[in-house]
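Colleague: Following is a predicted model, sequence given first.
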2 protein chains.
Amino acid sequence: MTALTNQSKVGAGRTIISVDAMGGDQGAATVIAGIYASARRNSEVGFILHGPKDELERLVAKRKGLAERCEIRHAPEIVTMRDKPSHVVRHGRNTSMWSALDSVRNGEATVCVSCGNTGALMLMSVIRLRKLPGISRPAIAVMWPSQNPQKHNIMLDGGADIRADAKDLMQYALMGASYARNGYGLARPRIGLLNVGTEEHKGRAELKGAHDLIAANAESADYEFVGFVEGRDLPGTRCDVIVTDGFTGNVALKTGEGIAKLISDLLREAFQYSPLSRLASLLAYTSLARLKRRVDPSRANGGVFLGLNGTVVKSHGAADATGVSSAIKLAFELAQSNFSAKLAARVASAASLDQDAGIEKQSDGETE
Amino acid sequence: MTALTNQSKVGAGRTIISVDAMGGDQGAATVIAGIYASARRNSEVGFILHGPKDELERLVAKRKGLAERCEIRHAPEIVTMRDKPSHVVRHGRNTSMWSALDSVRNGEATVCVSCGNTGALMLMSVIRLRKLPGISRPAIAVMWPSQNPQKHNIMLDGGADIRADAKDLMQYALMGASYARNGYGLARPRIGLLNVGTEEHKGRAELKGAHDLIAANAESADYEFVGFVEGRDLPGTRCDVIVTDGFTGNVALKTGEGIAKLISDLLREAFQYSPLSRLASLLAYTSLARLKRRVDPSRANGGVFLGLNGTVVKSHGAADATGVSSAIKLAFELAQSNFSAKLAARVASAASLDQDAGIEKQSDGETE
């Protein structure tokens, strides 16, 4: 299986991304602005856009040359941020989210992008795309700003499931390593397991089990296991991928957002304090803008659902056009590197290993 | 029981704090500098200092007037940061940490301050001071910077125990409310329970149980329960006290430290970037220094052990004299408000309520 191209009128050698044009806080115009920015920068990307046909056609027509790169699929309904996931999966057949996932389900695209309601998108993804054989809990991989060369660390699970046992955590390590390789070009990603201390005797029982499983798979799955890491390593340089359960991951993610916001608010106050500090903020404007881009969530905006038949990139609900465009860029890179198929092969080989020989090390011959 | 005064030669109407002078990364000189700063600002505080007698006498003699405010207790050994807690409690009888806790145990002080090894201090505190009747897991209350009027939020447990069931979490709420009242002067603290979403149906089973228990105790224990809160509320303004288990709390705390450090590093880089930005950093120096103080961990430096017969203030291991002095200030306020006795009464009345009538609401007549 290779990246899907030439499958529709927008094909012509292009890599196709399925895009849910509705459901973000900013509306379809922002999504269209984002894909337009991507289309202008990258001639190899094409889109299948899902949403109300008339509205999308009107928005696409405003952007020069975009119509030839987009195929529009009519979906009259929208999943809102307030909709309950369980309701949406029962009654959401006519939504743009459902339609966008179905383009991955039926093989027209391997990666889907949506800004919509995370809970609904996750549940609908599991039901429409199904879990990969051998995966019991899919995970959301999220990005942290860091001073590593790739400028971001990957953490999973960011909140798909509040539980994870030792085997789930081991699968998160496999999926995270595969994602780091295909999304960030890291040949041998460094994996850390989140705990309250780095000593091996510390932490919950499932963490000790996961520690042994992740260590045992390091060679065959071609990653480096750095052992237990702590909260401060999420934005740190000790590893590239941090594995944790979705409860802890989600709390950490929102804590990081909260502290970044507090510091940003206090910094703004500090620069308003006196005429001198107001002058300083003018002089430092460019440097501060660069810093803001570095830690801005809309730049590191792709939460990625892993462990399904196909890959779903969840863009932030409040994403602006820049945020949408960076989610598209990530989706394109994953689609082009044939990530969905490679991840499936990786998980399948680990699952068969697991059946054959427990956690015994052996090379699986995958050329991921 | 009232705050202990007039118990020793340093008494004379003063409130006595027991201080472990050893065990911090900076050595005894820094601790002495910190208590000297406190002594000069506050004529009502006196100290029992624990450590090697000759060294402490020499250091105290260098500070004018300090000798009359300090009683020195000889303890020849030191608990280092590398010592294992289990080893220390078996072999640590001659350490300054043990001696400092024994001044609380034998009633010479109600609050002890130490910069030492957290794990050893916690385990030794549990063994020497014993848990309050009705408390199964003591907790560490830690401070988050926030924009609330008191400038800090309280979170517990910050890492005393990686487990907590619904009843433990309810006791954390009682202890946190009592601490907020006595340490921060909040008449009716707002309590939040940390979860991955604010909806009542979300989260782990023990969190749903804790939600009901904390809600049921709100009236009798005189706090406001705001329900589930998220990671971003730790440094936020939705509540004053955030309750969570020690695993999640510790990860959140270290994540917050990590993000604050990353932003501080990137900010420093941003200000070095060009001659203009270097000039800007000079102009904004005072404002930025004020911001740094606001989020500086050495200012919000008291992790406080709650749920024991007596109160232990754990100062940061790397604390400078300012950090030690702010830990002393907190210890003094807690000792003067008779916090240890009030907390014990609060927990005892909740425990008896629990035996008598489950979670039935009733006023317990405490004037905490």
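Modeller: Arrived safely. Numbering: from 1, shown residues only, chains lettered A, B, ... in the order given.

Colleague: Where does pLDDT dip in chain A?
Modeller: Along chain A, the model assigns pLDDT under 70 to residues A:1-12, A:200-201, A:296-302, A:351-368.

Colleague: Kindly state the beta-bridge partners for the residue nearest the centre of it.
Modeller: With distances taken as Cα atoms, centre = their mean, A:Val304 lies nearest the centre of chain A, 2.1 Å away. On the basis of DSSP bridges, A:Val304 is bridged to A:Ala141, A:Val313.

Colleague: Quick check: residues of the stretch 51-200 of chain A near chain B?
Modeller: Within reach of chain B by Cβ under 8 Å from any Cβ of the partner chain, the stretch 51-200 of chain A has these residues: A:Pro145, A:Ser146, A:Gln147, A:Gly159, A:Ile162, A:Arg163, A:Leu194, A:Val196. Glycine gets a C-beta too; all of them are placed from N, C-alpha and C.

Colleague: how distant is the longest helix seen in chain A from the center of its chain?
Modeller: Ordering each helix of chain A by length in residues (DSSP state H) puts helix A:246-272 first. Once both centres are worked out by Cα atoms, centre = their mean, to the nearest Å, helix A:246-272 turns out to sit 20 Å from its chain's centre.

Colleague: Report the buried residues of that helix.
Modeller: A:246-260, A:262-263, A:266-267, A:270-271 (16 or more other Cβ atoms under 10 Å in any protein chain shown).

Colleague: returning to that earlier point: and the residues of the stretch 51-200 of chain A next to chain B, which is closest to A:Met97?
Modeller: A:Gly159 (17.9 Å; Cβ to Cβ).

Colleague: follow-up on the earlier one: please name every helix or strand in contact with the longest helix of chain A.
Modeller: Packing partners of helix A:246-272 (3 or more Cβ pairs under 8 Å, 6 or more residues apart in numbering or on different chains; DSSP states H and E): strand A:139-145, strand A:152-156, strand A:190-194, helix A:275-283, helix B:246-272, helix B:285-295.

Colleague: Assign the closest residue to A:Ala215 other than its chain neighbours to helix, strand or coil.
Modeller: Leaving aside its chain neighbours, A:Ala215 sits nearest to A:Phe225 (5.1 Å; criterion: Cβ to Cβ, 6 or more residues apart in numbering or on different chains). In three-state terms, and counting by DSSP: H, G, I helix; E, B strand; the rest coil, A:Phe225 is strand.

Colleague: For beta bridges, what are the partners of A:Phe225?
Modeller: Beta-bridge partners recorded for A:Phe225 (DSSP bridges): A:Ile191.

Colleague: Distance to A:Lys342 for the helices and strands packed on helix A:246-272 - can I get that in TSV?
Modeller: As requested, those are arranged in TSV below (distance: least, Cβ to Cβ, whole Å):
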stretch	distance to A:Lys342
strand A:139-145	15
strand A:152-156	16
strand A:190-194	17
helix A:275-283	47
helix B:246-272	31
helix B:285-295	42
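
Colleague: To B:Leu279, which of these lies closest?
Modeller: Nearest of these (Cβ to Cβ): helix A:275-283, 5.7 Å.

Colleague: For the stretch 251-368 of chain A, which residues are neighbours of chain B?
Modeller: A:251-263, A:265-267, A:269-271, A:273-274, A:276-277, A:279-284, A:286-288, A:290-291, A:294-295.

Colleague: Next, the contact list for the closest residue to chain B within the stretch 1-150 of chain A, please.
Modeller: Closest to chain B within the stretch 1-150 of chain A is A:Pro145: 6.5 Å, counting by Cβ to the nearest Cβ. For A:Pro145, the contact set (Cβ atoms under 8 Å, 6 or more residues apart in numbering or on different chains) comprises A:Lys151, A:His152, A:Pro235, A:Arg294, A:Val295, A:Ala300, B:Leu262.

Colleague: what about the fifth one, how many neighbours?
Modeller: When you say that, I think you mean A:Val295. 20 (other Cβ atoms under 10 Å in any protein chain shown).

Colleague: Equivalent analysis for A:Ser86, please.
Modeller: Quick note: A:Ser86 (other Cβ under 10 Å) scores 11 neighbours.

Colleague: Looks to me like it is in a helix.
Modeller: Yes. According to three-state DSSP, the state of A:Ser86 is that of a helix.

Colleague: Could I get the full set of helices for the stretch 101-250 of chain A?
Modeller: A:118-129, A:166-184, A:205-221, A:246-272 (DSSP state H, counting those that start in this stretch).

Colleague: Could I get the ones you listed in TSV, plus columns for distance to A:Ile17?
Modeller: What follows is the helices of the stretch 101-250 of chain A, written out as TSV (distance: least, Cβ to Cβ, whole Å):
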stretch	distance to A:Ile17
helix A:118-129	15
helix A:166-184	14
helix A:205-221	27
helix A:246-272	25
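
Colleague: So A:Glu77 is in contact with A:Thr95, correct?
Modeller: Yes. Using Cβ atoms under 8 Å, A:Glu77 is in contact with A:Thr95, at 4.5 Å.

Colleague: More neighbours: which of those two?
Modeller: Taking neighbours as other Cβ under 10 Å, A:Glu77 and A:Thr95 compare with A:Thr95 leading, 26 against 18.

Colleague: quick one: that one and A:Val79 touch, right?
Modeller: Yes. Here A:Thr95 reaches A:Val79: they are 5.0 Å apart, a contact under Cβ under 8 Å.

Colleague: Now for these two: what residues contact both?
Modeller: Contacts common to A:Thr95 and A:Val79, judged by Cβ under 8 Å, 6+ apart, are A:Met22, A:Val88.

Colleague: so what are the domain limits for chain A?
Modeller: Annotated domains of chain A cover A:15-135+A:307-337, A:144-297 [automatic domain parsing].

Colleague: For the first one, measure first residue to last.
Modeller: The reference is to domain A:15-135+A:307-337. Using Cα to Cα, to the nearest Å, one end of domain A:15-135+A:307-337 lies 10 Å from the other.

Colleague: chain center to that domain: distance?
Modeller: On Cα atoms, centre = their mean, the centre of domain A:15-135+A:307-337 falls 13 Å from that of its chain.

Colleague: cool, the last one as well?
Modeller: Here domain A:144-297 is found 13 Å from its chain centre; the criterion is Cα atoms, centre = their mean.

Colleague: How about stretch A:338-345?
Modeller: Using Cα atoms, centre = their mean, the offset of stretch A:338-345 from its chain centre is 15 Å.

Colleague: Buried residues in that stretch, which are they?
Modeller: Buried, per 16+ other Cβ under 10 Å, within stretch A:338-345: A:Asn338, A:Phe339, A:Ser340, A:Ala341, A:Lys342, A:Leu343, A:Ala344, A:Ala345.
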